[in-house]
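> Fold the following.
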Amino acid sequence: MIEIKNLSKTFKKNKVLDHIDLTIKKGDVVAVIGPSGAGKSTLLRCINLLEEAEEGTITIDGLRVDVKKKTKQELINLRQNTAMVFQQFNLFRRKTALENVMEGLVVVKKLAKNEAEEIAKFQLEKVGLAKQIDSYPKQLSGGQQQRVAIARALAMNPKLLLFDEPTSALDPELVGEVLDTIKATALEGNTMILVSHEMNFVKKVANRVLFLYNGKIIEDGTPKEVFENPQNTRTKEFLSKIAYSTEPEYQI
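Numbering: from 1, shown residues only. Predicted structure coming up:
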């Protein structure tokens, strides 16, 4: 169970997150959609404290952190329970795919190198990169780099996976391989929050969709409810301008 209460963040007097309340069940795949500047990426970054919110609490599987009173140990514990996949991959350029996946296991989880290597190889194989374990990021396509990033996140065995527009930096022909990997990750029962502008993918993979606007969640429902019968005028306006398939695709 993940519970976020009263989460607020301001940038230069602009309320980017305005007292967000959100409860997520184990195994939920929650997609966050909305216009640029709505606070979608900031929400993810505040959940794992890459951005410091002014107020609010974050609870993940019993671990409760008050963002105003957090201790260094609470910060470490929270980040050990979350893993984030970024838009720009954020791989270490001078480390191989295998070393990139091993890094968190050795540095954060303090695993022995042989144990970390075994886990890293397993995760890279799961994302279809068994033959690229010794490749450096510059030798990989953008889609392959993002799959390394996903393997790195999965290797940490987090309670919550955060995906921040994971296909936005990819060439169109590479998007599919990353989306397939995320879909497979969802099918394994991982709890996920996904920020995405790929509406057709959101319809396929999410069991819940949030529409974020002006720092507030103004729509919250199943993909069928949000895409076919949005209740908020701003949601209707947004979806009317976005190209996506009107065919129902609400089952993973």
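
> Excluding chain neighbours, give the residue nearest to residue 108 in space.
Distances taken as Cβ to Cβ, 6 or more residues apart in numbering put residue 80 closest to residue 108, at 6.5 Å, once the chain neighbours are dropped. All C-beta spots, glycine's among them, are computed from the backbone N, C-alpha and C.

> Next: residue 136.
Here the residue nearest residue 136, using Cβ to Cβ, 6+ apart, is residue 96, at 5.8 Å.

> which residues sit in contact with that neighbour?
133-136 (Cβ atoms under 8 Å, 6 or more residues apart in numbering).

> Kindly provide the distance from it to residue 137.
According to Cβ to Cβ, to the nearest Å, residue 96 stands 9 Å off from residue 137.

> ditto for residue 187
27 Å.

> The two: who's more crowded?
The residue with more neighbours, out of residue 187 and residue 137, is residue 137; 19 against 11, by other Cβ atoms under 10 Å.

> Would you agree that one is in contact with residue 145?
Yes - Residue 137 is in contact with residue 145 according to Cβ atoms under 8 Å; the separation is 5.4 Å.

> any shared contact partners between these two?
Here residue 137 and residue 145 have 89, 91 as joint contacts, going by Cβ under 8 Å, 6+ apart.

> Show me which positions of stretch 36-53 end up buried.
The neighbour-count check on stretch 36-53 (16 or more other Cβ atoms under 10 Å) flags 38-51, 53 as buried.

> where's it relative to the chain centroid, distance-wise?
Centroid separation between stretch 36-53 and its chain, computed with Cα atoms, centre = their mean, to the nearest Å, is 11 Å.

> count of neighbours near residue 138?
Count around residue 138 with other Cβ under 10 Å applied: 9.

> Could you report the distance from it to residue 123?
The gap separating residue 138 from residue 123 is 21 Å, by Cβ to Cβ.

> quick one on the thing from earlier: which among the contacts of residue 96 count as buried?
Burial of those was assessed by neighbour count (16+ other Cβ under 10 Å); the buried members are 133, 135-136.

> Generate a markdown table for the residues you listed, with secondary structure as supplementary columns.
Shown next, in a markdown table, are the buried ones among the contacts of residue 96 (DSSP: H, G, I helix; E, B strand; the rest coil):
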| residue | secondary structure |
| --- | --- |
| 133 | coil |
| 135 | coil |
| 136 | coil |
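
> just those residues now: which is nearest residue 88?
Distances from residue 88 to the buried ones among the contacts of residue 96, taken as Cβ to Cβ, are shortest for residue 136 (16.3 Å).

> I figured the closest one hits residue 92, correct?
No - the pair residue 136 / residue 92 is not scored as a contact, 9.2 Å apart, by Cβ under 8 Å.

> The buried residues of stretch 36-53 in strands, which ones?
Per DSSP state E, strands hold no members of these.

> Please identify which pair of these lies farthest apart.
Pairwise distances across those (Cβ to Cβ) peak at 20.4 Å, for the pair 38 and 49.

> before we move on, back to that, now, which of the buried ones among the contacts of residue 96 sits nearest residue 86?
Closest approach between the buried ones among the contacts of residue 96 and residue 86, by Cβ to Cβ: residue 136, at 18.3 Å.

> need the contact list for that closest one.
In this structure, residue 136 makes contact with 93-97, judged by Cβ under 8 Å, 6+ apart.

> Now do the same for residue 57: helix, strand or coil?
The three-state label given to residue 57 by three-state DSSP is strand.

> again with residue 9
Assignment for residue 9 (three-state DSSP): strand.

> so who does it touch?
Going by Cβ under 8 Å, 6+ apart, residue 9 touches 15-17, 39, 42, 46, 51-54, 215.

> now do 7 Å
16-17, 42, 46, 51, 53-54 (Cβ atoms under 7 Å, 6 or more residues apart in numbering).
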